[in-house]
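Asker: Have a look; sequence and predicted model below, questions after that.
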Amino acid sequence: MENKPTDPKPTDKPGENKKPRSIWVTLVITVAIILLISLVYNAVVKSQYTETTYSDFLSAMEKGDLSEVELHYDRIYYLTKTEAAKPAGQQKACFTGLPNGNVMALAEQLNANGVTVNQVIVEDNSTIVMILMYVVMFALIFGVMRMLMKRMSGDGMMGSFGKSKAKVYMEKQTGVTFRDVAGQDEAKESLQEIIDFLHNPKKYTDVGAKLPKGALLVGSPGTGKTLLAKAVAGEANVPFFAISGSDFDDSFVGVGASRVRDLFQQAAKVAPCIIFIDEIDAVGRTRDSRYNYNEQTLNQLLGEIDGFDSTKGIVCLAATNRPEILDKALLRPGRFDRRIIVDRPNLQGRLETLKVHTRKIKLAEDVDLKKIAQATAGAVGADLANLVNEAALRAVRHNRMTVNQEDLLVSFETVIAGTEKKNTVLSDTEKRLTAYHEVGHALVSALEKERDPVTKITIVPHTTGALGYTMYTPEEEKFLSTKRELLSRLRSMLGGRAAEEVVFSEQTTGAHNDIQQATALAKNMVTQYGMSEVFGLMSTASVQHEYLDTPAFTDCAPETAALVDQEVKRLLSEAHAAAKQILTQHRALLDEISEYLLTKETITGEELMGFVRAYQNQDAE
């Protein structure tokens, strides 16, 4: 199907009929403004002078009461000595007509009486200058009025203020269907009914059913909310209006409401269609006692959703990752009737998503997408798309025509730790410290039954600032964690610092990230998971933005918060002591693996477990 312009051209062009009329209106207004300016100017000029008779002028001259006289070709302006004595701002001159006669004789007589006389020189082109002045003034006023008229009619550069900024995809131009969306089966099932209604509205209207006016897509960033909305339009083969909530905002009051009106007017012309508002929290934030000009936009949006007839096939989809701040009026039945959760994909969902993103990528025979899906637990669709693209770029850098398994694994590590810093040279002491630190993490994990297996240990510096890292890959998808598993994770996190103290009796800055993560985990165990003997099942913290992975904020008394800190410290201290005990008991194994890592710089989880199993077999004998 050929691409068509996003704005369909109407058969009749009302704008062309209105154009001559608007020009005439502008001309009339411009002439009226010029006449008004002339009247005001003349009135101001006259207010500065007092009109007298020629006899009054002669009388003042005979009395010697004239101070200054200015002779024009048709009139005389003069200032009496009484007025000249006043301050300059309070002086008021007089004028009278100049009768036909010998102006030179009058000027000589005035000069003889000691009056200052000025003869105005009349330029030959004064008439032309005056005409040009009026022409320039007319052009300026006409241009300004023309722009204002265009803005009021919603046309031209200035008129775009009140126009909707929605991107319009006519019919199949979205280029996206449900085939392009993977890992969101539940969300697709929830949206399938809307698609069926747009295809067969009569089937529902015969029963008396009404199409839901709106559906709210809620999920973390990158989960595919916008992609799902485009896929709905692509499946239904209807026009798709896409706009961001921030596009309604403007520095001019009322423009946002105007854009909302224009958006729904455009949609009504091409119904059935889908309106998609991304990041609706930018315009739908909860109203409070303080007035905000954005409330006009929200009120207009609420009115438009209430106003359109659902039987015409207009569906309003919206997306947000902050549903808790949306106004309650926006979420009530009859507006956004449905809330569809677009969650992070599970193992099977990640595998299907990888298959979608590698559809146009040439893969080598050794590629195992299931292993990549296992390693990317918690990743969203955008992360997986970026991973595949990075792998393809790496293949091109190495002059290969296909992407192999190593490209995908290296790209995954690049996302986690950045690229390798090949020019960074560590001293022997720093290298040994780093090796023991990373092996400390890995060895504690390997000797714990509840910890995920280690897949890689490296002491090669990376661009994120890490001098080394230990990578874990879960054997199976987990949705719950036990207290025993979390305590095991704490011991593993603090294994690096424990190894430094056991071997070198030192503490380095290399453990700062481990300490931050361990502290956050211990705090969650105490405040949210109910895994503290001191607080039991009491929650002392709340998560404000569930889908943005923001840290929880404490909502308890200061005394209780101090007890929370003590309990967190106890958990960390116990985990640290346990990690030190494990490494002290297996000191020989720690030294052996660390020396091997110093030699190779990077070892796999299988090599690590080979050392562990050999050590355990020796103990068994």
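Answerer: Thanks, I have it.

Asker: Let me see the ranges of the helices in the stretch 351-500 of the chain.
Answerer: 369-375, 381-397, 405-417, 428-447, 483-493, 495-504 (DSSP state H, counting those that start in this stretch).

Asker: Ranked by average pLDDT, which of those helices falls at the bottom?
Answerer: Mean pLDDT is lowest for helix 405-417 among the helices of the stretch 351-500 of the chain, at a mean of 83.

Asker: Can you check which helix is longest in the chain?
Answerer: helix 14-47 (DSSP state H).

Asker: other SSEs contacting that one?
Answerer: Secondary-structure packing of helix 14-47 (3 or more Cβ pairs under 8 Å, 6 or more residues apart in numbering; DSSP states H and E): helix 126-152. All C-beta spots, glycine's among them, are computed from the backbone N, C-alpha and C.

Asker: A strand includes Ala318, no?
Answerer: Yes. Using DSSP: H, G, I helix; E, B strand; the rest coil, the assignment for Ala318 is a strand.

Asker: residues contacting the closest residue in space to it that isn't next to it in sequence?
Answerer: Setting aside the residues directly before and after it, Ala318 is nearest to Ile280 in space (Cβ to Cβ, 6 or more residues apart in numbering), at 4.0 Å. If a contact means Cβ atoms under 8 Å, 6 or more residues apart in numbering, then Ile280 has 216, 245, 318-320, 326, 330 as its contacts.

Asker: circling back: which one, of the helices of the stretch 351-500 of the chain, ends up nearest to Ala84?
Answerer: helix 381-397 (83.1 Å; Cβ to Cβ).

Asker: What are the contacting residues of that closest one?
Answerer: Applying Cβ under 8 Å, 6+ apart, the external contacts of helix 381-397 come out as 182-183, 221-224, 227, 345, 350, 353-354, 357-358, 361, 372, 376, 379, 401-404, 407-408, 410-412, 414-415.

Asker: What average pLDDT does the longest helix of the chain get?
Answerer: 73.

Asker: Adjacent strands (with direction) for the following helix or strand past that helix?
Answerer: Following helix 14-47 in sequence order, the next helix or strand is strand 49-51 (DSSP states H and E). Sheet pairing of strand 49-51 (DSSP bridges) gives strand 93-97 (parallel).

Asker: Give me the buried positions along the strand it pairs with.
Answerer: 93-96 (16 or more other Cβ atoms under 10 Å).

Asker: Present the contacts of Ile280 as JSON lines; the columns should include pLDDT, neighbour count and distance to Met493.
Answerer: What follows is those, written out as JSON lines (pLDDT from 0 to 100; neighbours: other Cβ atoms under 10 Å; distance: Cβ to Cβ, whole Å):
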{"residue": "Leu216", "pLDDT": "91", "neighbour count": "24", "distance to Met493": "37"}
{"residue": "Gly245", "pLDDT": "84", "neighbour count": "22", "distance to Met493": "39"}
{"residue": "Ala318", "pLDDT": "91", "neighbour count": "26", "distance to Met493": "39"}
{"residue": "Ala319", "pLDDT": "92", "neighbour count": "25", "distance to Met493": "35"}
{"residue": "Thr320", "pLDDT": "92", "neighbour count": "22", "distance to Met493": "33"}
{"residue": "Leu326", "pLDDT": "89", "neighbour count": "21", "distance to Met493": "37"}
{"residue": "Leu330", "pLDDT": "87", "neighbour count": "22", "distance to Met493": "42"}
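
Asker: Check these and tell me the two furthest apart.
Answerer: Between any two of the contacts of Ile280 (Cβ to Cβ), the greatest distance is 13.2 Å, for Ala319 and Leu330.

Asker: Quick check: end-to-end length of stretch 227-247?
Answerer: Stretch 227-247 has an end-to-end distance of 19 Å (Cα to Cα, to the nearest Å).

Asker: cool, stretch 218-226 as well?
Answerer: OK, stretch 218-226 end separation, Cα to Cα: 11 Å.

Asker: Distance from the chain centre to it, please.
Answerer: Using Cα atoms, centre = their mean, to the nearest Å, the distance from the centre of stretch 218-226 to the centre of the chain it belongs to is 14 Å.

Asker: cool, stretch 193-212 as well?
Answerer: 35 Å.

Asker: Check stretch 58-78 too.
Answerer: 73 Å.

Asker: Kindly report the same for stretch 478-485.
Answerer: 35 Å.

Asker: Give me the contacts around it.
Answerer: 450-451, 525, 529, 531.

Asker: could the residues you listed go into TSV alongside distance to Gly284?
Answerer: TSV is the format used below for the contacts of stretch 478-485 (distance: Cβ to Cβ, whole Å):
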residue	distance to Gly284
Glu450	43
Arg451	43
Met525	35
Tyr529	32
Met531	37
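
Asker: and of these, the nearest to Thr599?
Answerer: Arg451 (25.5 Å).

Asker: Just give me the neighbour total for the closest one.
Answerer: By other Cβ atoms under 10 Å, the residues close to Arg451 number 19.

Asker: ok, now which ones touch the nearest residue to it once chain neighbours are set aside?
Answerer: Nearest non-adjacent residue to Arg451, counting by Cβ to Cβ, 6+ apart: Ser445, 4.2 Å away. Ser445 is in contact with 451-454, 470, 472, 492, 495, counting by Cβ under 8 Å, 6+ apart.

Asker: May I ask which two of the residues you listed are separated the most?
Answerer: It's Pro453 and Gly495 that sit farthest apart of the contacts of Ser445, by Cβ to Cβ, at 14.8 Å.

Asker: nearest to Val117, of the helices of the stretch 351-500 of the chain?
Answerer: Judging those by Cβ to Cβ, what sits closest to Val117 is helix 381-397, at 87.1 Å.

Asker: So which bits of the closest one are buried?
Answerer: Neighbour-count burial for helix 381-397 [16+ other Cβ under 10 Å]: 381, 383-388, 390-392, 394-395.

Asker: Off-centre distance for it?
Answerer: 24 Å.

Asker: relative to helix 405-417, how tilted is that helix?
Answerer: Angle of helix 381-397 versus helix 405-417, following axes from the mean of the first three to the mean of the last three Cα atoms, to 10 degrees, is 130 degrees.

Asker: ok, Asp206 to Glu607 distance?
Answerer: As judged by Cβ to Cβ, to the nearest Å, Asp206 and Glu607 stand 68 Å apart.

Asker: More neighbours: which of the two?
Answerer: Neighbours were counted for Asp206 and for Glu607 using other Cβ under 10 Å; Glu607 has more, 16 against 8.

Asker: Quick check: the gap between that one and Val439.
Answerer: 12 Å.

Asker: Now pLDDT and distance to Tyr54 too, for the contacts of stretch 478-485, in TSV please.
Answerer: Output for the contacts of stretch 478-485, formatted as TSV (pLDDT from 0 to 100; distance: Cβ to Cβ, whole Å):
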residue	pLDDT	distance to Tyr54
Glu450	68	116
Arg451	70	114
Met525	94	106
Tyr529	91	105
Met531	92	109
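
Asker: Any figure for the gap between Ser532 and Ala522?
Answerer: Counting by Cβ to Cβ, the gap from Ser532 to Ala522 is 9 Å.

Asker: Residues that sit against both of those two, list them.
Answerer: Residues touching both Ser532 and Ala522 (Cβ under 8 Å, 6+ apart): Leu571.

Asker: which of those two has more neighbours?
Answerer: Ala522 (25 against 21).

Asker: for that one, helix, strand, or coil?
Answerer: helix.

Asker: quick one: it and Leu572 touch, right?
Answerer: Yes. At 5.4 Å, Ala522 and Leu572 qualify as touching, with contact defined as Cβ atoms under 8 Å.

Asker: overlap in contacts of the two?
Answerer: Listed as contacting both Ala522 and Leu572 by Cβ under 8 Å, 6+ apart are Leu490.

Asker: which residues sit against stretch 404-414?
Answerer: 363-364, 366-368, 371-372, 375-376, 387-388, 390-392, 394-395, 456, 471.
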